[in-house]
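In: need a structure here:
(chains A and B)
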Protein chains: 2
Amino acid sequence: MRLSEVETPAVVVDADALDRNIATMAAALPGARLRPHVKAHKCTSLARRQAVAGHAGFTCATIRECEGMAAAGLGQDLLLANEVLDVRRLGRLIAAGARVTVAVDSAETVDAAADGGVREVVIDVNVGLPRCGCPPEAAAGVADLARRRGLQVRGVMGYEGHVVGLEDAAERADQCRTAMELLLAAHSDVGGELISAGGTGTYAINTWATEIQAGSYVLMDTAYGRLGLPFEQAAFVLATVISAAPGWAVGNAGLKAFGMDHGNPSLADGTVLFCSDEHVTVVPSRPVGDQLWLAPAHIDPTMAYHERIYLVAGDTVVDVWPIDLRGW
Amino acid sequence: MRLSEVETPAVVVDADALDRNIATMAAALPGARLRPHVKAHKCTSLARRQAVAGHAGFTCATIRECEGMAAAGLGQDLLLANEVLDVRRLGRLIAAGARVTVAVDSAETVDAAADGGVREVVIDVNVGLPRCGCPPEAAAGVADLARRRGLQVRGVMGYEGHVVGLEDAAERADQCRTAMELLLAAHSDVGGELISAGGTGTYAINTWATEIQAGSYVLMDTAYGRLGLPFEQAAFVLATVISAAPGWAVGNAGLKAFGMDHGNPSLADGTVLFCSDEHVTVVPSRPVGDQLWLAPAHIDPTMAYHERIYLVAGDTVVDVWPIDLRGW
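Out: Take a look at the predicted model:
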């Protein structure tokens, strides 16, 4: 199949860039030092490439992601890095043989896990982002609750999400250290083999965590592209110009093809003026029928809109991968 | 099924508010005066309610929407209000018996339609939004091209998308008139029974179009909620509080559950601080296990993330509708 035959809009991934991103990360964080986060791509075929590169454990954000990874034979060591109260499906998944370690940060989430058939947990610690995680000084108490309920406590996690996107590298390193000092303090109270943290923006500077939960590195987006990381933009949304005026052209990919929280997608040889539901208006103009390669501003919510990845080498589609971990 | 049993995040639609929105619109624009746009809800079960209210023709934005509407028995008169170059699937759909009228605005889109088995078109006219549509003075030429290729020209369409969201009602009415004068000029050159235009923001003031393409009115969002229209917020994303700190609480719905181009979702009894991929951080805090009813800022790209609508009356789920028109 040629690229020109692909129905647009479509997610296209440059096979060579993908391989280089995987190899670069595997060299920096070999084996279990990386626990790739599947939320960034939601694709078990892509996760399998990461497993082949040596990473056997994966991070998930949703139960659906856990179910899909297990169904694909990649459920040896999944970390659901999120609190869950409704553990009905999770309990069935674990009973069926998947190993899923679940984040807990409260008595309620400990009880839900224990009641629902979860066996292993990590204590989620707030390291500065106003989101999930108990205060560091409360981690020991949550761990005690978990152990009293018969749960195995594998360690701690704490996501420095307020740090990973900082464009100033020195500030990023400094704030990463501050956040990880909080996590290490909690870990010294909790124990366990896991100190799980980090993301694409801190993969190289977070030397305190035992494992890094990076996901975006593999496909990249324009937000992470500004940080000077050694990863290439591998994923694009391909659009076709369906209308052209002297002053602008319109491609057939819009608000339903891009996560928009970080702003408009980008074009190497032009500028995006705005997106509508199914349209992107770009300048300068170009002919009807031309293809636009649009780099997403935020890869994770972009992938969640699409059904498949077209893996391409030059003008040839070398594989089509279902984005099979969408939904909840 | 009780609302408390619904797995979150989930789209919940208040059945009574939905019925009132449909009835209010059907009273204002009865029968063929409204051609409901399915892109706002992407749900054939909901479209069937609109058909029962008297609207037999529908507007679609994608080929998938046309296919799904036809498969649901709602393909008597579909307007694909968008230019298409790759008409392979559209030609098959029309050959199978669906009536699909397609927007054209150039020689290329006329040729693609004629070559691909399309039989009926409207001339898409730019009425001020820098997006698709030929200049008004070029409409007659495009119509001539279409007729020479054997296509039936049913009239014109022109979407005043730069007008529908204006918060100042007088300015909205004034700019709507300006836009429609352009469309009427084109129509006088082109002919045909259709002058198709409008949206939820101009449904009551656009008295020039023969039919209005409104979609959002049926579910609504907070952007349209600011315009003083007689439609109620019927759709919410339901989230569960999975983590609580003294200063904030975290619900399990985030960037993959909301179209974010118009900003954060809203909460009747609190404020959304920010969204992450699978989280929403809100103030003030509230207990773990509480449900959050979040009103989307933009309904169309919100619906495109979800698999189903839970139709609710009070605490009871009265129906579950697949959001079956997603994708392309």
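
In: pull the longest strand from chain A.
Out: Residue-count comparison of every strand in chain A, with assignments taken from DSSP state E, identifies strand A:235-244 as the longest.

In: list the helices and strands the next helix or strand after that one packs on?
Out: Toward the C-terminus, strand A:235-244 is succeeded by strand A:249-251 as the next helix or strand (DSSP states H and E). Using 3 or more Cβ pairs under 8 Å, 6 or more residues apart in numbering or on different chains; DSSP states H and E as the contact criterion, the secondary-structure elements in contact with strand A:249-251 are strand A:235-244, strand A:279-283. All C-beta atoms are positioned from the backbone trio N, CA, C, and that covers glycine.

In: among those, which comes closest to chain B?
Out: Closest approach to chain B among these (Cβ to the nearest Cβ): strand A:235-244, 4.0 Å.

In: quick one: mean pLDDT for that closest one?
Out: Strand A:235-244 shows an average pLDDT of 98 in the prediction.

In: do stretch A:2-18 as well
Out: The average pLDDT within stretch A:2-18 is 97.

In: tell me the buried residues in that stretch?
Out: If you call a residue buried by 16 or more other Cβ atoms under 10 Å in any protein chain shown, then stretch A:2-18 has these buried ones: A:3, A:6, A:8-15, A:17-18.

In: ends of it, what's the gap?
Out: Stretch A:2-18 has its terminal residues 19 Å apart, counting by Cα to Cα, to the nearest Å.

In: tell me if it is near chain B.
Out: Yes - taking Cβ under 8 Å from any Cβ of the partner chain as the criterion, stretch A:2-18 and chain B are in contact, through A:7-9.

In: in JSON lines: the residues you listed, plus secondary structure and distance to B:Ile22.
Out: Putting these into JSON lines (DSSP: H, G, I helix; E, B strand; the rest coil; distance: Cβ to Cβ, whole Å) gives the following:
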{"residue": "A:Glu7", "secondary structure": "coil", "distance to B:Ile22": "33"}
{"residue": "A:Thr8", "secondary structure": "coil", "distance to B:Ile22": "34"}
{"residue": "A:Pro9", "secondary structure": "coil", "distance to B:Ile22": "31"}
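
In: would you mind listing what in the stretch 1-150 of chain A touches chain B?
Out: By the rule Cβ under 8 Å from any Cβ, the part of the stretch 1-150 of chain A lying against chain B is A:7-9, A:39, A:61-62, A:82-86, A:89, A:105-106, A:108-109, A:124, A:126, A:130-133, A:135.

In: please indicate which of those residues are buried?
Out: If you count burial by 16+ other Cβ under 10 Å, the buried members of the residues of the stretch 1-150 of chain A next to chain B come out as A:8-9, A:39, A:61-62, A:82-86, A:89, A:105-106, A:108-109, A:124, A:126, A:130-133, A:135.

In: quick one: which of the residues you listed sit in helices?
Out: A:89, A:108-109 (DSSP state H).

In: the helix or strand hosting A:Ala112 packs against which elements?
Out: Remark: A:Ala112 resides in helix A:107-116, with elements defined by DSSP H and E. On a contact count with 3+ Cβ pairs under 8 Å, 6+ apart, helix A:107-116 meets helix A:88-95, strand A:100-104, helix A:139-148.

In: deepest in the core, which of these is it.
Out: Comparing these by mean neighbour count (mean count of other Cβ atoms under 10 Å in any protein chain shown), strand A:100-104 comes out on top with a mean of 28.
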